[in-house]
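> fold the following.
(chains A, B and C)
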Amino acid sequence: MAEARPAFQYAAIAQQREAATLGMWAFLATEILFFGALIAAYSAYRVSDPAGFAEAARHTRIALGAANTFILLTSSAFMAMAVELGSAARARSAALCLAATAALGLAFLGVKGWEYVLEYREGLVPALDFDLARYGPTAELFFLFYFFATLLHALHLAIGIGLTGTLAARFARGRGPREPVLRLVGLYWHFVDVVWIFLFPLIYLVGRSG
Amino acid sequence: MSHEGAPLNYLTAGTTLHSWLLTTDHKRIALLYFASITFFFLVGGAAATLIRLELVTPAGDLVSADGYNRLFTMHGVIMVWFFLVPSIPVTLGNFIIPLMLGARDLAFPRLNLMSWYCYVAGGLITLFALLLGGLDTGWTFYEPYSSAFSNSYVVLAVLGIFVSGFSSVMTGLNFIVTIHKLRAPGLTWYRLPVFVWSTYATSLILILATPVLAMTLLMLVAERLLHVGIFDPALGGDPLLFQHLFWFYSHPAVYIMILPSMGVISELVPCFARKPLFGYRFVVWCSIAIAAIGFLVWGHHMFVAGQSVYASLTFSFLSYLVAVPSAIKVFNWTATLHKGWIHFDAPMLYAFGFIGLFTIGGLTGLFLAALAIDVHVTDTYFVLAHFHYIMVGGAVMGYFGGLHYWWPKITGRLYPEYWARFTAIITFFGFNLTFFPQFILGYLGMPRRYQSYPPEFQIWHVLSSAGASILAVGYALPLFYLAWSLVRGRRAPADPWRATGLEWLARSPPPPHNFEETPIVTRGPYCYEDGEPRPQADHG
Amino acid sequence: MSAARPAVGRIWRCWAALVLLLAATTGGAFLPLGRLNLFVALAIAAAKALLVLIVFMELRRSSGLVRAFAAAGFFWLAIMLTLTSADYLTRRDAPAAWDGATDARPPAGGGEGAGGQ
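Take a look at the predicted model:
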């Protein structure tokens, strides 16, 4: 691998890479608090009306949610593969894995979009066509959180897909960007997966037992 | 400012607008920020002027009631988010931290520039909201008024604050990584100046608290635009949830505002007492403790809002706890003075002002932390006086102290010392005359955010407004003599104060990359032997 | 390169574990465990998150400093959730007479909000 020179404020390239890694983890910490505030609000209301939340959550489609979770977990595996291959200078294989990651991400968005369409048809979208008489105000609150959280997650995922696709194109041309760019994008992607890992039970697995 | 034969410094290296607006030099970015926050300080100060003018008479006769609401709201919003939160970190922190570390720049210089643009964008959006007619919800945006009832530019102003939040996060992130990774050889953690530790603690809060505010503001906007019930009780929401989430950020935010200032004081006192800082390790760990415990006390803003009494008890106890590390710092600064050789230069006068006024502010915070007392004085001028003693008597004095202390380093000029001492003294007197009567007003029952009041309160308001006019002079004077010093001030040597930090090894003003050679650190900070400085490194 | 192969194995073993946990949590949601359902689901989610963090995000071979940064966000989130629930879990309802509460009576002396205005 060609020896890169560190930026002027760094003494060595390793130092610069460590700094970049720390910077990305610090950024991810801010994202944990960002999504966490939404989960705190959700929790406050779920504690206040657990039965209402359970009733509302039964209208989510567990099969689609589980499928999406599977898709995202698999995309993370491909991303981890891409990082390994990228640092072993196997650029074309890395490009393929990155393409797979991005494709799975797009599949996730597709499934999500389909879910949104179905929910719209059932009158479950607050501020748009929510059927208050049929479902009640607690359900409206639950679905408000549902759309808020999943839209925000989808936005983060879309950014991830953009980054991943761009990297895939770079690697496909034979050489990826210098370290640790791929690793940092990987960290971001995995984090978006972690967010979904927590959103899945909070949205889809409430009130399923009888 | 540049002249033939002078060595290149960061000010003379590139004079085009392009070289300033696209700079990645932390020193230039510090100056960009300095100009911006000074502008916002003046806007917030203008609002304060109108408020104090209105309050001279008991009747609401200067502005309408609605106008008054907009004045105190914009004063709070601008002073909190566009002056105090950024203040020391983005100006003095940006300029001095890399120098103190023996580094050539921050870890992420381009991120630093982006943070300034986010700040400016957020500020412009908020200014736009102000010009359109402003905001009347109070800087705290309590629900459901802000979402369901207010007829003001809530969404626009909140958007401005949201955007400026990115600036906070980027700045904090940059400092944390820089302090971990860019310390000069030999500069171990326990050899770092306290200003660095304080900035680190502040940065922890910046990155961990700001995102919660961001989400809370997004939910507020969603509720206002979509008429759904997250916090609005009429629609099934809990307004207290807004307060929990808002204050989870906003209480640590006040530590963002005070910790850097405490860091400055820890630099000033050893230098001007010609003595090592007493209890260095206690002081640095207290900075971290304040940041950490500061996250656990937010409910003390909600004692009478309706939260459960057990939560109130918990928050009250934790609030007493957070005062302890602050008090330890005050004791340590005082002990540093003991048997010192005290020089009453302007920065030291500001430091003395800080120590006295912060102590008063901090003690009154303890009064407020007691549940029974808080029931009586919450939402009165007592609270206002408490936080202005800390924010203005504390944070702003520390800011001016640091500004004067590092002015020679930043500009290469010495400011006129006697004007600066005079200013520091009248600022101190003006401040006390403005805000001490407010403790009395609050105790007597004058509520905050009220435009008109019973005539028996007038004497205290008149005293307060008179003090404010003196305080205004104290803030206006530096604008003149500091500007004067840029043109006619004596040129500064590298180390005009004969202090010990690495920043004093660089030239005044420093060259673009700070040091010709990376310094090798051999001593801790504040090494003074019989008043003589022993610099941390021998060359730079 | 053969250096990549142990990593490949590790990645897909981790994936298999994640998928198993996904099946467990989805299936487990249908078991009648009452209030335990939530804890089981969150525990499994935490396990999945830890797998992603440790294996995919390489915390298993990161420095202590990086691990501290990773932990900090979750730790602070825990602070926020814990202290907020200190309020929500300890609130008592004190219905006012005009709220139509059937058993409305003045709170026994000393309850919060005792005494009228």
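
> can you list the domain ranges for chain C.
Listed by automatic domain parsing, the domain ranges of chain C are C:7-56, C:63-90.

> can you add distance to chain A, mean pLDDT and mean neighbour count and give those back as CSV?
In short, each C-beta sits where N, CA and C put it, glycine included. Output for the domains of chain C, formatted as CSV (distance: least, Cβ to the nearest Cβ, whole Å; pLDDT from 0 to 100; neighbours: other Cβ atoms under 10 Å in any protein chain shown):
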stretch, distance to chain A, mean pLDDT, mean neighbour count
domain C:7-56, 4, 93, 17
domain C:63-90, 3, 90, 18
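
> quick one: which of those is nearest residue B:447?
When the domains of chain C are compared by Cβ to Cβ, domain C:63-90 sits nearest residue B:447, at 25.0 Å.

> element containing the most centrally placed residue in chain C, please.
Geometric centre of chain C, nearest residue: residue C:42, 5.3 Å, by Cα atoms, centre = their mean. Using DSSP states H and E, residue C:42 maps to helix C:36-51.

> quick one: list the elements packing against that helix.
For helix C:36-51, the packing partners by 3 or more Cβ pairs under 8 Å, 6 or more residues apart in numbering or on different chains; DSSP states H and E come out as helix A:181-204, helix C:4-28.

> now do the strands in chain B.
Assigned by DSSP state E, the strands in chain B fall at B:528-529, B:532-533.

> any idea which of those strands gets closest to chain A?
strand B:532-533 (26.9 Å; Cβ to the nearest Cβ).

> need the contact list for residue B:178.
Residues near residue B:178 by Cβ atoms under 8 Å, 6 or more residues apart in numbering or on different chains: A:19, B:97, B:98, B:101, B:103, B:106, B:107.

> element containing the closest residue to residue A:53 other than its chain neighbours?
In space, and not counting its chain neighbours, residue A:53 is closest to residue A:46: 4.7 Å by Cβ to Cβ, 6 or more residues apart in numbering or on different chains. Using DSSP H and E, the element containing residue A:46 is helix A:13-48.

> buried residues in that helix, which are they?
A:15-46, A:48 (16 or more other Cβ atoms under 10 Å in any protein chain shown).

> please apply the same query to stretch B:473-485.
Going by neighbour count (16+ other Cβ under 10 Å), the buried part of stretch B:473-485 is B:474, B:475, B:477, B:478, B:481, B:482, B:485.

> now, among those residues, which is nearest to residue B:125?
residue B:475 (25.8 Å).

> so which bits of chain A are right by chain B?
Applying Cβ under 8 Å from any Cβ of the partner chain, one finds that chain A approaches chain B through A:8-11, A:15, A:18-19, A:22-23, A:26-27, A:29-31, A:33-38, A:40-41, A:44-45, A:48, A:126-127, A:137-138, A:140-141, A:144, A:148.

> show me what residue of the stretch 51-200 of chain B gets nearest to chain C.
For the stretch 51-200 of chain B, Cβ to the nearest Cβ, closest residue to chain C: residue B:180, 6.7 Å.

> ok, now which ones touch that residue?
So residue B:180 contacts A:19, A:22, C:65 (Cβ under 8 Å, 6+ apart).

> so how far is residue B:173 from it?
Residue B:180 sits 11 Å away from residue B:173, going by Cβ to Cβ, to the nearest Å.

> what residues does the stretch 151-300 of chain B have near chain A?
Proximity of the stretch 151-300 of chain B to chain A, by Cβ under 8 Å from any Cβ, involves residues B:169, B:172-174, B:176-178, B:180-182, B:207-212, B:214-216, B:219, B:222, B:226-230, B:235-238, B:241, B:244-245, B:248.

> just to revisit the earlier point, verify the stated contact: the residue nearest to residue A:53 with residue A:57.
No: judged on Cβ atoms under 8 Å, residue A:46 makes no contact with residue A:57 at a distance of 9.4 Å.

> what is in contact with those two at once?
Going by Cβ under 8 Å, 6+ apart, residues that sit against residue A:46 and also against residue A:57 are residue A:206.

> what about dumping the CA coordinates of the helix or strand bottoming out on mean pLDDT in chain A to CSV?
Scoring the helices and strands of chain A by mean pLDDT, DSSP states H and E places helix A:132-135 at the bottom, with a mean of 88. Coordinates of each C-alpha in helix A:132-135 appear next as CSV, following Å, rounded to 0.1, in the frame of the first residue of the first chain:
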residue,chain,number,x,y,z
LEU,A,132,-58.9,8.8,15.2
ALA,A,133,-62.4,7.4,15.7
ARG,A,134,-61.4,4.0,14.8
TYR,A,135,-58.0,3.7,16.5
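
> and it, which residues are buried?
residue A:135.

> gap between the following helix or strand past that helix and the chain center?
Scanning forward in sequence from helix A:132-135 by DSSP H and E, the next helix or strand is helix A:137-172. In terms of Cα atoms, centre = their mean, to the nearest Å, the centre of helix A:137-172 is set 6 Å apart from its chain centre.

> what angle separates helix A:137-172 from helix A:181-204?
160 degrees (axes from the mean of the first three to the mean of the last three Cα atoms, to 10 degrees).

> could you give the angle of helix A:137-172 to helix A:13-48?
160 degrees.

> helices and strands around the helix ranked longest in chain B, which ones?
Longest helix of chain B, by residue count under DSSP state H: helix B:239-273. Using 3+ Cβ pairs under 8 Å, 6+ apart, the elements in contact with helix B:239-273 are helix A:13-48, helix B:87-88, helix B:194-226, helix B:280-293, helix B:309-337, helix B:346-369, helix B:397-411, helix C:64-88.

> output those as CSV; include the columns distance to residue B:36.
Conversion of those to CSV gives the following (distance: least, Cβ to Cβ, whole Å):
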stretch, distance to residue B:36
helix A:13-48, 23
helix B:87-88, 11
helix B:194-226, 17
helix B:280-293, 25
helix B:309-337, 29
helix B:346-369, 22
helix B:397-411, 14
helix C:64-88, 29
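
> and residue C:38, which of those helices is closest to it?
Of the helices and strands packed on helix B:239-273, nearest to residue C:38 by Cβ to Cβ is helix A:13-48, at 8.6 Å.
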